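Trainee: coords please:
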Amino acid sequence: MRNIRDNVPIRFVVIRQRRGAKTRVWEEVPDDVVADSTKAHFASPLPQREVAHTNVKLDPSYSYVVVPHTLERGKECNFTLRIFSPLDLNIDEVATPHSDRLTGAWLRESAGGPVRIDGRANPSWCLNPQYWITRAGPPSKRKVELKLVLHRTDRKVGRDDKSDGTKNKVGMVLTRVQPPPPDNPRRRKPGQARTNALGEALPSKASSLKRPLGTGPLGATDGTALSATGGAEEAKDRELPRRKLEVLPSDVCLSSDFSNPAVATLRCVIPGEWLNDGLLVHPSLKLIGREGDFTLTAYSSHRIMLRELAMGSTRTVAGVWTDKTAMGSHLHPDWKRNPAFQIRPLDRVASSTARITLSRPEERWRGPCKQDSVGCMLGFYIVTCDRERDSKFNDGRNPSMETNFVPMHTGTSPLRGLYCMQAACSV
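Mentor: The predicted structure is shown next:
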């Protein structure tokens, strides 16, 4: 250590890897550590400007990585690493990882808690902030090493536990953005527009044959390299995915263990193709409704970009049907007692277009739907609403809209104008 006035505590470890590996070591696994400067025979408990370790035995069937670091985070200084050996050694510096960092906060309306509570799906989990990880460079099929670090930064760390002794800890969930379904031209007549499952037209894809060589969206096709900023600019122009409302049993999901009130980490190795559609990170607190600030950092072996799926013009509300509010469809006299939500755009415009999606936890409803598929059908109504938020079913001013009651766990409908929505289950 040199060019620093303060005597900063320093340390290094030697970690074993498989032979020929030149990848970064993302975590310190005790079984792979072959040398630790703090455990040397002449190590001092006081801060030293130079640390050493002798008689380090290296097995030629492995490769090794030396990781020098300060014991305090954020301390910057220069250092010199010297290695003495009776045999020739090949020493190369490991490439610096790519990273991106964003700050965020859990507010009262965006602190939905963990994905599961007492072993059951948490319907408020979708309220948590969501972040999209996507590639910022050319596509690659090589495996991508990814590590996520979540730091809680507010002053309430460790001081907002529950009165019954339940500790409030931080954690996160990593999910994969589902790729669009494959377009099968055999199911479409010649000249027919591409549509999704709801019959809505999908944007057409421009043919790559109409573009000159080297002008593709992902870089040159004639063997030239992608520019340093081209990949990032292309990633910024990509359309953000929709917010995830729940984690299905078929979804790819990786969760941290919620073991620390201030820090949570997550590490995985994924196929490179997954970054084409991206991954979603869902940071959360263990207790619902607790507020706090955090910093999310993503480290990767490939160039990535971290973007927030801001609420913006999207709102997510968690509700529940109870004995007093589960009144079925409009065929029942008390259907108005179903949960109702007023939809009102903040901008004063003549008309607006929105998309409404009603979903329920598939895990909880799978059993009841098998027993009574008709009685558990899902749907909602969109009706006119006066200033007192008293919903009116087809009051003559504007026709109401009703979705089809379906046995699936999600229902979606477009919307134009100012209305009040009522969710119903069963007929």
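
Trainee: for whatever helix or strand Val65 lives in, which helices and strands make contact with it?
Mentor: Assigning secondary structure by DSSP states H and E places Val65 in strand 62-70. In terms of contacts (3 or more CB pairs under 8 Å, 6 or more residues apart in numbering; DSSP states H and E), strand 62-70 is packed against strand 10-18. Where C-beta positions appear, they are placed from N, C-alpha and C, glycine not excepted.

Trainee: neighbouring strands - and their directions - for the strand it packs on?
Mentor: Strand pairing for strand 10-18, determined by DSSP bridges: strand 33-36 (antiparallel), strand 62-70 (antiparallel).

Trainee: sorry, back to before: buried residues in the strand holding Val65, which are they?
Mentor: Buried residues in strand 62-70, counted by 16 or more other CB atoms under 10 Å: Ser63, Tyr64, Val65, Thr70.

Trainee: please enumerate residues in contact with that strand?
Mentor: 8-22, 24-25, 28, 34, 58, 77, 79, 81, 83, 94 (CB atoms under 8 Å, 6 or more residues apart in numbering).

Trainee: average pLDDT for it?
Mentor: For strand 62-70, mean pLDDT rounds to 93.

Trainee: return that strand as PDB; C-alpha atoms alone will do.
Mentor: In PDB, the C-alpha atoms belonging to strand 62-70 read as follows (Å, rounded to 0.1, in the frame of the first residue of the first chain):
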ATOM      1  CA  TYR A  62      -6.000 -25.800 -10.400                       C
ATOM      2  CA  SER A  63      -5.800 -22.100 -11.200                       C
ATOM      3  CA  TYR A  64      -5.700 -19.500  -8.500                       C
ATOM      4  CA  VAL A  65      -7.000 -16.000  -8.000                       C
ATOM      5  CA  VAL A  66      -5.400 -13.400  -5.600                       C
ATOM      6  CA  VAL A  67      -7.900 -10.900  -4.300                       C
ATOM      7  CA  PRO A  68      -6.300  -7.900  -2.500                       C
ATOM      8  CA  HIS A  69      -8.700  -5.600  -0.700                       C
ATOM      9  CA  THR A  70      -9.100  -3.100   2.200                       C
END
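
Trainee: for the stretch 301-427 of the chain, which segments are assigned as helices?
Mentor: For the stretch 301-427 of the chain, helices defined by DSSP state H, counting those that start in this stretch occupy the ranges 362-371.

Trainee: coming back round to it: make JSON lines out of the strands paired with strand 10-18 and add distance to Pro333.
Mentor: Formatted as JSON lines, those follow (distance: least, CB to CB, whole Å):
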{"stretch": "strand 33-36", "distance to Pro333": "71"}
{"stretch": "strand 62-70", "distance to Pro333": "70"}
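
Trainee: closest one to Pro180 among those strands?
Mentor: Distance to Pro180, taken as CB to CB, is lowest for strand 62-70 among the strands paired with strand 10-18, at 39.9 Å.

Trainee: parallel or antiparallel, which strands does whatever helix or strand comes next after the closest one pair with?
Mentor: Where DSSP H and E defines the elements, the next helix or strand beyond strand 62-70 is strand 98-106. Strand 98-106 has the following strand partners under DSSP bridges: strand 292-300 (antiparallel).

Trainee: helix/strand/coil for Cys126?
Mentor: helix (DSSP: H, G, I helix; E, B strand; the rest coil).

Trainee: hmm, it is touching Arg242, no?
Mentor: No. Between Cys126 and Arg242 there is no contact under CB atoms under 8 Å: 11.0 Å.

Trainee: with neighbour numbers in mind, choose between the two.
Mentor: Legend: neighbour count by other CB atoms under 10 Å for Cys126 and Arg242, higher for Cys126 (19 against 13).

Trainee: show me the contacts for the spatially closest residue to the more buried one that is not a sequence neighbour.
Mentor: Here the nearest residue to Cys126 in space, its sequence neighbours aside, is Leu245; by CB to CB, 6 or more residues apart in numbering that works out to 4.6 Å. Shown in contact with Leu245 (CB under 8 Å, 6+ apart): Cys126, Thr316, Thr357, Ser359, Thr410.

Trainee: cheers, nothing more for now.
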